[in-house]
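[1] Structure of the sequence below:
(one chain, ligands or ions: 1)
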Amino acid sequence: MEVEKKATTVEEVRGVEEETKKEEAAASDVSLKELSKKLDDFAKERDWEMYHAPRNLLLAMIAEVGELSELFMWKGEVAKGLPGWKESEKEHLGEELSDVLLYLIRLSDMCGVDLGDAATRKIVKNAVKYPAPSKST
Ligand SMILES: Nc1ccn([C@H]2C[C@H](O)[C@@H](COP(=O)(O)OP(=O)(O)OP(=O)(O)O)O2)c(=O)n1
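    Numbering: from 1, shown residues only. Okay, the predicted model is just below:
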C-alpha cells in the first residue's frame, strides 16, 4: 500500500500551499492547444478515437449544452456572479461548461479547424462588422 507523505512542519505546509497555488495558476492559464493534446491522449489511451467522429462529437456537445441548460432551468433571470447559488451548484456549472468546451475543442480538431486561430480571426471580423462608437475627448 502506498502511504502518502504528509507535510508536518510549517515550512513543509507552506511549500505544499505554494506548489498548489502554482498548479492552480498554471491550470487556469491553460491554452486551447494544451487541452486539445490532453483530449487526444485521453482518446488514444482508451482506444476511443473511432467514436470521436465529427457528428458524434457535435451531438455529444449538444447533449452537454442540454445538461448546462438544466442548471438554469426554471430559475428565472440569474444575476451576474450567481448570488445565492451554492458552491456545489457552481462546481457543477464549471463541469458542464467544461464538457461543452472540451467537446467543442475536440470537434474542431477532428474537423481540422484551428479553433484559437479561427476565434481570433472572428473577433477581428466582429469588430469590423460592429465598429465601436468613437469616444469624444
Ligand atoms: N466518448 C467519450 C465520452 C466522454 N468523453 C469525455 C468528454 C466529456 O468531458 C466527458 C463526458 O462524460 P459523460 O458522457 O460521462 O458525461 P457527464 O460527465 O456529463 O456525466 P453525466 O452525463 O453522467 O452527468 O467525458 C469523451 O471525450 N469521449
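[2] OK, contacts around residue 112?
    With contacts defined as Cβ atoms under 8 Å, 6 or more residues apart in numbering, residue 112 is in contact with no residue. The C-beta positions use only the backbone N, C-alpha and C, and glycine is treated the same way.
[3] Tell me the confidence at it?
    Looking at residue 112, its pLDDT is 98.
[4] do the same with residue 88
    As summarised for this prediction, residue 88 has a pLDDT of 98.
[5] Compute the distance between it and the ligand, please.
    Separation of residue 88 from the ligand (Cβ to the nearest ligand atom, to the nearest Å) stands at 14 Å.
[6] Within the helices and strands, which one has that residue?
    In this assignment (DSSP states H and E), residue 88 forms part of helix 87-110.
[7] Show me what that helix is packed up against.
    Taking 3 or more Cβ pairs under 8 Å, 6 or more residues apart in numbering; DSSP states H and E as contact, the helices and strands that helix 87-110 lies on are helix 32-46, helix 54-72, helix 115-129.
[8] Convert it to PDB, retaining C-alpha atoms only.
    Extracted C-alpha coordinates of helix 87-110, given in PDB (Å, rounded to 0.1, in the frame of the first residue of the first chain):
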ATOM      1  CA  GLU A  87     -20.700  26.200  -4.000                       C
ATOM      2  CA  SER A  88     -21.700  22.700  -5.100                       C
ATOM      3  CA  GLU A  89     -24.000  24.200  -7.800                       C
ATOM      4  CA  LYS A  90     -21.200  26.500  -9.100                       C
ATOM      5  CA  GLU A  91     -18.900  23.500  -9.200                       C
ATOM      6  CA  HIS A  92     -21.400  21.500 -11.200                       C
ATOM      7  CA  LEU A  93     -21.800  24.500 -13.600                       C
ATOM      8  CA  GLY A  94     -18.000  24.500 -14.100                       C
ATOM      9  CA  GLU A  95     -18.100  20.800 -15.000                       C
ATOM     10  CA  GLU A  96     -20.900  21.300 -17.600                       C
ATOM     11  CA  LEU A  97     -19.200  24.300 -19.100                       C
ATOM     12  CA  SER A  98     -16.100  22.300 -19.400                       C
ATOM     13  CA  ASP A  99     -17.800  19.400 -21.100                       C
ATOM     14  CA  VAL A 100     -19.100  21.800 -23.700                       C
ATOM     15  CA  LEU A 101     -15.700  23.400 -24.200                       C
ATOM     16  CA  LEU A 102     -13.900  20.000 -24.400                       C
ATOM     17  CA  TYR A 103     -16.200  18.600 -27.000                       C
ATOM     18  CA  LEU A 104     -16.000  21.800 -28.900                       C
ATOM     19  CA  ILE A 105     -12.200  21.700 -29.000                       C
ATOM     20  CA  ARG A 106     -12.200  18.000 -29.900                       C
ATOM     21  CA  LEU A 107     -14.800  18.700 -32.700                       C
ATOM     22  CA  SER A 108     -12.700  21.500 -34.100                       C
ATOM     23  CA  ASP A 109      -9.600  19.200 -34.100                       C
ATOM     24  CA  MET A 110     -11.500  16.400 -35.800                       C
END
